[in-house]
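*Asks:* what's the 3D shape of this:
(chains A and B)
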Amino acid sequence: MKSAIELRDVHKSFGTTKIIFGVSLQIREGERHAIIGPNGAGKSTLFNLISGRYEVSAGRILLHGADITNLQPFEINRKGLSRSFQVTNIFHNMSVYENVRCGVLWPAGYRYSFWHRVGGLRDVRQRAEEVMERIGLARRRNTLAGTLTYAEQRALEIGVTIAGGASVVLLDEPTAGMSRTETAQVVELIRSVTEGRTLVMVEHHMGVVFNLADRISVLVYGELLATGTPEEIRANPAVQEAYLGALHKEAARADGSHA
Amino acid sequence: MTYQPLNLGRWIIWGGAALLFAAAPHLFPGGFALTMLTQMGVMILFALSYNMLLGQGGMLSFGHAVYSGLGAYVTVHALNQIGAGTFYLPVPLLPLVGGIAGLAFGLLFGYVTTKRAGTTFALISLGIGEMVFACVLMFPGFFGGEAGISTNRMVGQPFLGLTFGPGIQVYYLVALWCFLGMAGMFALTQTPLGRMANAVRDNPERAEFVGYNTRHVRFLQLVLSSFFAGVSGALSCINFEIVSAENVSAIRSGGVLLATFIGGVPFFFGPVIGAIVFVFFIVALSGFTKAWLLYLGLFFVLIVVYAPGGIASLILMQFPVIRAGRWRELALPYALAALAGLVALAGLIGLVEMVYRLSDQGVSTVLQLLGMSFDARSAPPWIAFGAILAAGLASLRAAARRVGERWGAIQLELQAQAAA
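*Replies:* Just a heads-up that it's a prediction; the model follows:
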């Protein structure tokens, strides 16, 4: 079976500091894959390597079997991989509608066109309306993105990411900083918008991970500890020892403080 | 807070602009006004093209005169060739020649400058500007050295009976191209490239992750902008019938930055206002005082510090208050502030002019102002103007506080109403 994303012995170091030590991983077409691990394990770095934000020090990265190692972010995006950011990364001075539209324009084929009137592009508008409807921001379409609430901005972040119809979606901590109700809404949102696509996400919230993911990879100090179904991961003694137990306690504490 | 694109008033605004262009020479009759209006038209086009970089693309360029100036040089040669009978092109179409020349140099230099954004872009643009200026002086064969190249716009057969001898014909030629350029540049803001130029300005990283090569966006934006800069250069060539090194100089590049900023970078129409004010300073004020550049500089600094959105932002700020019918409450505070400002200005002008009287060798040190004479070598006028300036500034401060209080109160009430 062909992999949506394949990492082959990927290394990353900043100067003399090694962050990722030889990660090899295959993510199947259409699966929902979560990457978990303690703070500083290199999860976000891994995302930055896959999406082209950082250059890989050694190893290869393949998207649908094609080599994308060290391509520019826009080249990787055009090949069908789209990502969101842990720290909200949207166009703050634009309206919700314009934000979503930015994600639609390139894949819709309008590229650098300066001969189309953007307001007259019906296909773009339809797609943008559809996305806004899905992320629940249709009524906020003319609001400046910078003035949205935090949860709305996070939803918009996902909207911009999925607007172009990428086949592989990377979400970096989509529920970070959200309340329990907001988290539940975002989980449903993610489930619906990634239908029929490959999803890779970094997530701290174990409830979200075990609820959404088909498979889970555990990253500890730049190395892959285990990959498997939620049941396998839960039952894996190495994972429990190294990480999960501590995190469960952490999560319980965090949940307690929310309530 | 919501953002609604202005659609309703668009026809009225553009119709009004066209009408204003047509009526301006009749509203302000006289040769001097016509000279000024023509230069304003050229400058409006130039400043708008500059704002395609600064306002829409987030590119601070210190070398935009390169494109207008080289466009002007190519135009002056084309005009001279038409005069020599080498080929024929009606004079009204010459701005296209300038535009295409500007675009060609945009392709060439823009390829280098737009490799980077931000400070690096600004520095490369400065370097290219200096390089082109040096080249202009190094190759007098093509560029005519310090003196430049002069020409005669009355060449070939009259086009539809127009010889472009009289200034009024030149004005309408400039007005037509200025209007077309305005419409073209506004249309460009409404295209995928135009919108993505804004996106790249606001958040280049995110733009890369939705599929856009930010360098390519900057490059295309600059090339299109240099076309309109070239058109403005051609119009200035037709208007002055001379093109010299000054046309590509850093002074010209700095001037367009000043004009654009004064008008208002965040708004499409901002540079129009800025160009009008700028030309007014240069043409009208320079006839009255040698200190005009100082006044322009001071004005620029005031805008940068107190109204970074330019004059346009100051005007647009009033609209919500006017719409709510609350402007009358502000009329008195505004009038008092204006009065205090005028007093301070009078004091400042007195001091500045006396400084110029003292520094100017061989010119009388006596300053004539409002039918009175002041000798800059005696102490009393210095004390008097100093006192006027101090009093003006003190009352301006008080008046500004009053405006601020009233303004803040109205804003709070309007917000409360909007929330309810």
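
*Asks:* poorly predicted segments of the stretch 101-250 of chain B, please.
*Replies:* Along the stretch 101-250 of chain B, no part satisfies pLDDT under 70.

*Asks:* what is the burial count for the residue of it found nearest chain A?
*Replies:* Residue nearest to chain A within the stretch 101-250 of chain B: B:G211 (3.4 Å; CB to the nearest CB). No exception for glycine: its C-beta is placed from N, CA and C like everyone else's. By other CB atoms under 10 Å in any protein chain shown, the residues close to B:G211 number 24.

*Asks:* check the one 10 residues further on too.
*Replies:* Residues within reach of B:Q221, counting by other CB under 10 Å, total 29.

*Asks:* pretty sure it sits against B:A197.
*Replies:* Yes - between B:Q221 and B:A197 there is a contact under CB atoms under 8 Å: 4.7 Å.

*Asks:* need the residues touching each of the two.
*Replies:* Counting by CB atoms under 8 Å, 6 or more residues apart in numbering or on different chains, the shared contacts of B:Q221 and B:A197 are B:52, B:56-57.

*Asks:* which one (most neighbours) among these?
*Replies:* Counting by other CB under 10 Å, top hit in the shared contacts of B:Q221 and B:A197: B:G57 with 28 neighbours.

*Asks:* could you measure from B:L220 over to B:N213?
*Replies:* To B:N213, B:L220 is 10 Å away according to CB to CB, to the nearest Å.

*Asks:* swap that for B:F143, sorry
*Replies:* 35 Å.

*Asks:* what about the residue of chain A found nearest chain B, how many residues nearby?
*Replies:* Closest residue of chain A to chain B, CB to the nearest CB: A:W106 (3.4 Å). Counted with other CB under 10 Å, residues neighbouring A:W106 total 21.

*Asks:* which element, helix or strand, includes the nearest residue in space to it that is not next to it in sequence?
*Replies:* Distances taken as CB to CB, 6 or more residues apart in numbering or on different chains place B:G211 nearest to A:W106, at 3.4 Å, with adjacent residues excluded. Assigned by DSSP states H and E, B:G211 falls within no helix or strand.

*Asks:* buried sites along stretch B:201-220?
*Replies:* B:201-204, B:206-220 (16 or more other CB atoms under 10 Å in any protein chain shown).

*Asks:* swap in stretch B:135-151?
*Replies:* Buried, per 16+ other CB under 10 Å, within stretch B:135-151: B:136, B:143-144, B:148-149, B:151.

*Asks:* does the strand or helix carrying B:C237 reach chain A?
*Replies:* Using DSSP H and E, B:C237 falls within helix B:214-240. Yes - Helix B:214-240 is in contact with chain A by CB under 8 Å from any CB of the partner chain, via B:214, B:216-217, B:220, B:224.

*Asks:* what's the most distant pair in those residues?
*Replies:* Across the residues of helix B:214-240 next to chain A, the longest distance by CB to CB is 16.0 Å; it joins B:T214 and B:L224.

*Asks:* tell me the contacts of the most centrally placed residue in chain A?
*Replies:* Centroid check for chain A by CA atoms, centre = their mean gives A:L171 as the closest residue, at 1.2 Å. Applying CB under 8 Å, 6+ apart to A:L171 gives the contacts A:83-84, A:158, A:161, A:190, A:199-203.

*Asks:* I'd say A:I50 and A:A4 touch.
*Replies:* No - A:I50 sits out of contact with A:A4 when judged by CB under 8 Å, with a separation of 10.8 Å.

*Asks:* neighbours of the residue nearest to B:F280 when sequence neighbours are not counted, how many?
*Replies:* Nearest non-adjacent residue to B:F280, counting by CB to CB, 6+ apart: B:M36, 7.1 Å away. Neighbourhood size, B:M36 [other CB under 10 Å]: 19.

*Asks:* swap in the one 3 residues further on?
*Replies:* Residue neighbour count, defined by other CB under 10 Å, stands at 23 for B:Q39.

*Asks:* that one contacts B:V279, doesn't it?
*Replies:* Yes - using CB under 8 Å, B:Q39 is in contact with B:V279, at 4.9 Å.
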